[in-house]
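K.L.:
Could you look at this predicted model? Sequence included:
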Amino acid sequence: MVTTETKSFQNYIGGEWMDAASGETFESTSPADGETIGVFPKSGADDVDRAVEAAKSAFEEWRLVPAPKRGEILFQLARVLEREKAALTDLMTHEMGKVKAEAGGDVQEAIDITYYMAGEGRRLYGQTTPSELRDKWNMSVRQPIGVVGAITPWNFPIAIPSWKMIPALVCGNTVVLKPARDTPLLAERFVELMAEAGIPAGVVNIVHGGGGSVGDRLVRHPDVRVITLTGSRETGVEVLKAAADNLKHVHLELGGKNAVIVMDDADVDLAVEGILWSAFGTSGQRCTAASRVIAHEAVYDALQSKLVAAAERLRLGPGWEDDTDVGPVINKAAIEKIHSYTEIGRDEGARILTGGEVATEGDLAKGFFYRPTIFGDVDPQMRVAQEEIFGPATALIKVRDFDEAIRVSNGIKYGLSSSIFTRDVNKAFRAMRDLEAGITYVNAGTIGAEVHLPFGGTKDTGNGHREAGQAALDVFTEWKSIYVDYSGRLQKAQIDAAE
Ligand code: NAD
């Protein structure tokens with residue numbers, strides 16, 4: 001549905017709302033029914049340059065605002081977000097498509113990280129240490145870095161921008177946000193609420209537009225010191241290369257091909273629930289989605305039949321309807337990509353146990369709905385078991401024992417989330433040690449991160465950094481070591497002192 005009065009939105013730069021310098025625009029539409037959500041500036045390099053200049057100039061003051069005061073503004077923001085939770089949740093079901101409970105969870109993540117990081121304003125701990133020398137004081141402190149370019153995907157339209165911007169701000173940096181083109185209104189609302197909460201002009205800026213234009217300019221701009229990107233592996237590689245000439249700090253959170261292992265001693269019904277939620281929640285469009293299930297041969301058949309039956313009970317529909325289990329996928333390109341993997345799986349010899357097609361009955365034809373899909377008899381080397389599909393599809397792989405399960409789970413290029421269902425404490429601990437992933441769940445699916453622990457992955461999922469928790473502070477600060485000599489004479493450190 002296209003509404004007659006389509007609302008137009010703007011960039012927010014230096015505390016002012018403005019159009020793109022070119023005057024060009026693009027539309028955001030709902031993946032559930034094609035409704036036009038709004039019209040946004042299709043920005044270019046000029047707009048980015050303006051935003052970076054505003055952020056650079058605001059940095060000079062913001063870095064000097066005492067961190068506890070920055071924290072107080074963020075506490076206020078958390079309260080504003082709580083007030084707006086229901087409205088943001090509803091908007092998310094329309095613009096991004098996820099179901100109500102998950103959209104509420106997305107907003108809740110932002111509230112949680114904002115409270116958590118606001119408290120950090122009174123910590124931001126450094127170290128004080130003894131000195132090698134008499135009458136000398138040693139300490140290290142975290143310092144803000146400068147302008148942060150935050151580039152975000154559409155699948156967590158509020159949570160991911162919050163995971164990047166809130167820690168950046170409490171540490172004293174300023175931000176230019178380039179949100180995904182599929183979810184600009186949610187990012188826009190978030191920035192509006194930041195301004196309402198009292199974040200000063202220029203400290204947070206938003207520039208809408210494409211990755212190749214706005215994103216790329218942000219990555220190459222010499223005054224942007226940190227780039228934090230969540231997106232696909234391919235984008236991560238491009239960004240890393242483009243940022244190299246300016247030796248930027250680059251923080252990457254990329255794809256996943258996460259597996260749930262179900263051992264012969266597992267509670268199979270519990271595993272089915274965990275897999276269903278992890279594989280088909282957010283229509284499988286989570287970086288932590290369970291897109292592989294590695295089952296011990298003793299439980300494989302029972303697990304398969306229960307899982308297929310449960311998947312077939314899931315109701316597809318718009319996210320805003322109370323009885324919807326699975327919402328749409330984000331756009332036309334996504335549904336085509338997902339379906340191409342159904343064909344690839346079939347050609348490779350996997351069995352399509354359920355799903356494998358676009359859902360078009362009734363009103364579903366207005367949106368991008370794909371039936372929850374389960375591949376059976378999958379070989380771990382098949383493309384459907386190796387590549388990120390990013391849709392409601394999961395691949396069942398049969399293994400003979402624990403060692404093979406771990407080997408198969410690790411046998412991919414990504415290393416984000418992992419999971420094992422077992423009642424054997426020895427196997428659980430070995431899995432916690434041996435699974436090559438940034439996150440391991442025991443007796444739960446592959447999703448469910450909490451904001452006070454590090455979030456991110458090993459291998460091709462990233463480049464060694466973590467979002468959330470204390471680890472996020474490392475992305476947005478640099479260490480300074482400070483030595484104060486109060487002896488009144490020149491003392492040489494041990495490395496320089498003659499024997
Ligand atoms: P994407 O890589 O297509 O886009 C991500 C962002 O990067 C968008 O804002 C896009 O406009 C921008 N971009 C694209 N090319 C760019 C370039 N050359 N320079 C600068 N910016 C550029 O990803 P997507 O489709 O929006 O999101 C899905 C991907 O994100 C999946 O691979 C998923 O696994 C990953 N993801 C990872 C995490 C995590 O925390 N590890 C979380 C969510 C999503």
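P.N.:
Structure received.

K.L.:
these two touch, right, Leu435 and Ser418?
P.N.:
Yes - counting by CB atoms under 8 Å, Leu435 sits close enough to Ser418 to count as a contact (4.1 Å). Every residue, glycine included, has its C-beta placed from N, CA and C.

K.L.:
More neighbours: which of those two?
P.N.:
Ser418 (30 against 23; other CB atoms under 10 Å).

K.L.:
anything in contact with each of Leu435 and Ser418?
P.N.:
Ser409 (CB atoms under 8 Å, 6 or more residues apart in numbering).

K.L.:
Now Asp47: which helix or strand?
P.N.:
helix 45-62 (DSSP states H and E).

K.L.:
which residues sit against that helix?
P.N.:
With CB under 8 Å, 6+ apart, helix 45-62 has contacts from 11, 13-15, 20-22, 41, 70, 144, 146-147, 149, 169, 172-176, 178, 200-203, 205-207, 209, 213-214, 217-218, 221, 223-224.

K.L.:
Quick check: the residue of the stretch 1-150 of the chain nearest the ligand.
P.N.:
The minimum distance from the stretch 1-150 of the chain to the ligand, using CB to the nearest ligand atom, falls at Gly149 (8.7 Å).

K.L.:
Check whether that residue sits in a helix, strand or coil.
P.N.:
Recorded secondary structure, Gly149: strand (DSSP: H, G, I helix; E, B strand; the rest coil).

K.L.:
Would you check that it makes contact with Asp223?
P.N.:
No - between Gly149 and Asp223 there is no contact under CB under 8 Å: 9.8 Å.

K.L.:
ok, these two, which is more surrounded?
P.N.:
Gly149 (33 against 15).

K.L.:
which residues does the more buried one contact?
P.N.:
52, 175-176, 178, 218-219, 221, 224, 226-228 are the contacts of Gly149 under CB under 8 Å, 6+ apart.

K.L.:
How about it: what's its closest non-neighbour residue?
P.N.:
Nearest non-adjacent residue to Gly149, counting by CB to CB, 6 or more residues apart in numbering: Leu218, 3.9 Å away.

K.L.:
Show the model's pLDDT score for the one you found.
P.N.:
In this model, Leu218 is scored at 98, pLDDT.

K.L.:
That one belongs to a strand, doesn't it?
P.N.:
No - Leu218: not assigned to a strand; according to three-state DSSP it is helix.

K.L.:
need the contact list for it.
P.N.:
48, 52, 149, 151, 176, 178, 207, 224, 227.

K.L.:
As TSV, the residues you listed with pLDDT would be great.
P.N.:
Output for those, formatted as TSV (pLDDT from 0 to 100):
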residue	pLDDT
Val48	98
Val52	98
Gly149	98
Ile151	98
Val176	98
Lys178	98
Val207	98
Val224	98
Ile227	98
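
K.L.:
So which bits of this structure are right by the ligand?
P.N.:
Of all the residues in the chain, those in contact range of the ligand (CB under 6 Å from any ligand atom) are 151-156, 178, 180-181, 210-212, 215-216, 219, 229-232, 235, 238-239, 253-256, 287, 388, 390, 416, 461.

K.L.:
Secondary structure element for Met165, which one?
P.N.:
helix 159-170.

K.L.:
CA atoms only for that helix - export them in CSV, please.
P.N.:
Presented in CSV, the C-alpha positions along helix 159-170 are these (Å, rounded to 0.1, in the frame of the first residue of the first chain):
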residue,chain,number,x,y,z
ALA,A,159,19.9,-2.5,18.7
ILE,A,160,23.0,-2.4,16.5
PRO,A,161,23.2,1.4,16.2
SER,A,162,22.9,1.5,20.0
TRP,A,163,25.6,-1.1,20.5
LYS,A,164,27.9,1.2,18.5
MET,A,165,26.9,4.7,19.4
ILE,A,166,26.2,4.4,23.1
PRO,A,167,29.7,3.1,24.1
ALA,A,168,31.3,5.5,21.6
LEU,A,169,29.5,8.4,23.3
VAL,A,170,30.2,7.5,26.9
